[in-house]
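Visitor: show me how the following folds:
(2 chains)
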Amino acid sequence: MSDFDTVTADGVGRHYGRRRALTNISFTARAGDIVGLLGHNGAGKSTLLSILGTLLAASTGVVRYGGMTSAVAGASLRARIGMLGHDLFLYPELSARENLVFFGRLYDMPDAARAADAALERAGLSARAGDLVSSFSRGMRQRVALERALLHGPRLLLLDEPFTGLDQASAAALVGRLREEQARGVVTVLATHDLDVVDGLLSEVVFLQGGKRVAAPASSGTLRDRYREAMHAS
Amino acid sequence: MSAFLRVAALVVRKDLTVEVRSLEVVSTTLFFAVTVVLIFAFGFVKEGVPMDGVAAAILWITVAFSGTLALGRTFERERQADTLRALMLAPADRPALYAGKLVGMLLLMALVELILVPLVGLLFQAPIFRAPFRLAGLLAAGTLGFAAIGTLFAAMLVRARSRDVLLPVLLYPMTVPVMIAGVRGTAALFQPQPDAGMAQFWFALLVFFDVVFVTLALWTFEPLMTD
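Guide: Okay, the predicted model is just below:
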């Protein structure tokens, strides 16, 4: 199985015809890093996550997973990537357990049913395992979706707006879960607007504006202050 | 079981489970197909006597229209929670995901055709039991050709804003050869003096289209979905 402990974006760009969604983005994330992608709507955060997740090909530049690229490693590389999208990637007509078992089998896990039960236990949803996801609250869906992304023990975890719709307790629980994964050496890249929640969690911040990386301010204020400064300076 | 077949079977099973729970696509597609046939019946059947030679065309037009509706609804379901991206992210052969979605579509369309063919036979006095295996072969081959291209296009367009308009605009010109072969082959079976040789010719042509379309779709699915 392909494994890696660094993820490097090297001059990554993505064009849609003449429109440039991303231009020349570079950064390196190491094992245990939590990298935040911060920027206004349309800054290119989701596009960059899709490229890192091999769902989209970069128009320019390359993403290296250790010594591999997605073009070479393909399916074996995807086995080491977990992604939580803004739309959660769950089938509402299936139960929480059915969703997890389905994705576990898709990832060719030897005992997907047991892994699904353990994941539901971690999410505190064992009692609702057989209920359809459509009957869950946003917070409960988010917990199932996070467990789905982590089910196969990924090395790279990509999260797109993971705190959207979560109450304070659920957001704190998610931060705790991310710290657990950090301790396991998982590389996490997350796009978010919830600056107060992730302040102190991020190892590195990539500020994006109009598809370009803007310089991080030298000041040592709160993340919100640094974000404001970075966006105004560019 | 090979990894390809295992993944395809997983996707088919998942799609069937979702459909059995919701019955959304089957019910809307069946309702639409029956409505189309009834409207044609009002136009082409006078005093209980249908116009000559229209049954085959009506059958295939209805298959195409209802198939387009089913394709749109099936992939709309994958779009709503962005689950198609979750499938694409899995370490599975991406063509196997396509194959799973295609088989799910074929089963759905076969179910619709099970109702549709007797209805056309009844309303247009088409001799559907004269050569049932040849008719089933033509329908199976034609449906496979239509669904092979349709599944590829519907998956490609899943994130396009105007997907509902674009799907038929792209799909119908590409599947015209399948429709022509299907109509001509079926008409050869329905005419007063059935022409088995002609039906066999159009069936062979449909099989040729199937081989080309399925091969092309399996080959292009991954690059089209990542670009």
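
Visitor: what's the burial count for residue 61?
Guide: All of this is about chain A. 17 (other CB atoms under 10 Å in any protein chain shown). For every residue, glycine as well, the C-beta is placed using N, CA and C.

Visitor: let's do chain B instead
Guide: Residue B:61 has 16 neighbours, counted by other CB under 10 Å.

Visitor: before we move on, what about residue B:162?
Guide: Applying other CB under 10 Å, I find that residue B:162 has 9 neighbouring residues.

Visitor: so after the helix or strand where residue A:27 lies, what's the next helix or strand?
Guide: For residue A:27, the host element (DSSP states H and E) is strand A:19-30. Downstream of strand A:19-30, the first helix or strand assigned by DSSP H and E is strand A:34-38.

Visitor: same question for that next one, mean pLDDT?
Guide: Average pLDDT, strand A:34-38: 95.

Visitor: hmm, who's touching it?
Guide: Contact with strand A:34-38 is made by A:27, A:29, A:45, A:48-49, A:178, A:182, A:187-193, A:195, A:198, A:201-208, A:223, A:227, A:230, as judged by CB atoms under 8 Å, 6 or more residues apart in numbering or on different chains.

Visitor: in PyMOL, how would I select the buried members of these?
Guide: To isolate the buried members of the contacts of strand A:34-38 in PyMOL, using 16 or more other CB atoms under 10 Å in any protein chain shown:
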select buried, chain A and resi 27+29+45+48+49+178+182+187+188+189+190+191+192+195+198+201+202+205+206+207+208+223+227+230
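
Visitor: quick one: the strands in chain B?
Guide: For chain B, the strands defined by DSSP state E occupy B:45-46, B:49-50.

Visitor: can I get those strands in a markdown table including distance to residue A:37, mean pLDDT and mean neighbour count?
Guide: Formatted as a markdown table, the strands of chain B follow (distance: least, CB to CB, whole Å; pLDDT from 0 to 100; neighbours: other CB atoms under 10 Å in any protein chain shown):
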| stretch | distance to residue A:37 | mean pLDDT | mean neighbour count |
| --- | --- | --- | --- |
| strand B:45-46 | 63 | 90 | 12 |
| strand B:49-50 | 63 | 88 | 14 |
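
Visitor: now do the same end-to-end measure for stretch B:11-31.
Guide: End-to-end distance of stretch B:11-31 (CA to CA, to the nearest Å): 26 Å.

Visitor: in that stretch, what's buried?
Guide: Quick answer for stretch B:11-31 (16+ other CB under 10 Å): B:11-12, B:14-15, B:17-19, B:25-26, B:29-30.

Visitor: neighbours of the spatially closest residue to residue B:206 that is not a sequence neighbour, how many?
Guide: Ranked by CB to CB, 6 or more residues apart in numbering or on different chains and with sequence neighbours excluded, the top spatial neighbour of residue B:206 is residue B:141, at 3.7 Å. Residues contacting residue B:141 under the criterion other CB under 10 Å number 23.

Visitor: thought residue B:141 was touching residue B:202?
Guide: No: counting by CB atoms under 8 Å, residue B:141 sits too far from residue B:202 to count as a contact (9.1 Å).

Visitor: what is in contact with these two at once?
Guide: residue B:182.

Visitor: burial count for residue 211?
Guide: Picked chain A for this. Residue A:211 has 22 neighbouring residues, counting by other CB under 10 Å.

Visitor: that was the other one, I meant chain B.
Guide: Residue B:211, neighbours per other CB under 10 Å, totals 13.

Visitor: got the contact list for it?
Guide: By CB under 8 Å, 6+ apart, residue B:211 lies in contact with nothing.

Visitor: against residue B:97, how distant is it?
Guide: 21 Å (CB to CB, to the nearest Å).

Visitor: what of residue A:139?
Guide: Per CB to CB, residue A:139 is found 30 Å from residue B:97.

Visitor: these two: who's more crowded?
Guide: A count of neighbours by other CB under 10 Å puts residue B:97 above the other of residue A:139 and residue B:97, at 23 against 15.

Visitor: ok, the residue lying closest to that one once chain neighbours are set aside - contacts?
Guide: Nearest non-adjacent residue to residue B:97, counting by CB to CB, 6+ apart: residue B:87, 5.1 Å away. By CB under 8 Å, 6+ apart, the residues touching residue B:87 are A:106, B:11, B:78, B:97.

Visitor: distance to residue B:111 and pLDDT added to those residues, as TSV?
Guide: Putting the contacts of residue B:87 into TSV (distance: CB to CB, whole Å; pLDDT from 0 to 100) gives the following:
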residue	distance to residue B:111	pLDDT
A:106	25	95
B:11	18	96
B:78	20	88
B:97	22	95
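
Visitor: what is the nearest of the residues you listed to residue A:114?
Guide: Ranked by distance to residue A:114 (CB to CB), those are led by residue A:106 at 16.0 Å.

Visitor: residue B:88 is in contact with the closest one, correct?
Guide: No: the pair residue A:106 / residue B:88 is not scored as a contact, 10.8 Å apart, by CB under 8 Å.

Visitor: between these two, which is the more surrounded one?
Guide: Neighbour count, other CB under 10 Å: between residue A:106 and residue B:88, residue A:106 has more, with 24 against 20.

Visitor: for that one, which non-adjacent residue is spatially closest?
Guide: Nearest residue to residue A:106, sequence neighbours excluded (CB to CB, 6+ apart): residue B:90, at 4.4 Å.

Visitor: how many neighbours does the one you found have?
Guide: Neighbourhood size, residue B:90 [other CB under 10 Å]: 24.

Visitor: can you read off the pLDDT for it?
Guide: Predicted confidence (pLDDT) for residue B:90: 92.

Visitor: same check on residue B:75?
Guide: Taking residue B:75 on its own, its pLDDT is 89.

Visitor: any idea how far it is from residue A:210?
Guide: 32 Å.

Visitor: who are the packing partners of the helix ranked longest in chain A?
Guide: Longest helix of chain A, by residue count under DSSP state H: helix A:168-183. On a contact count with 3 or more CB pairs under 8 Å, 6 or more residues apart in numbering or on different chains; DSSP states H and E, helix A:168-183 meets helix A:138-150, strand A:187-191, helix A:195-198.

Visitor: get me the contact residues on chain A for chain B.
Guide: Within chain A, the positions near chain B by CB under 8 Å from any CB of the partner chain are A:50, A:53-57, A:75-79, A:81, A:83, A:85-94, A:98, A:102-103, A:105-108, A:132, A:148.
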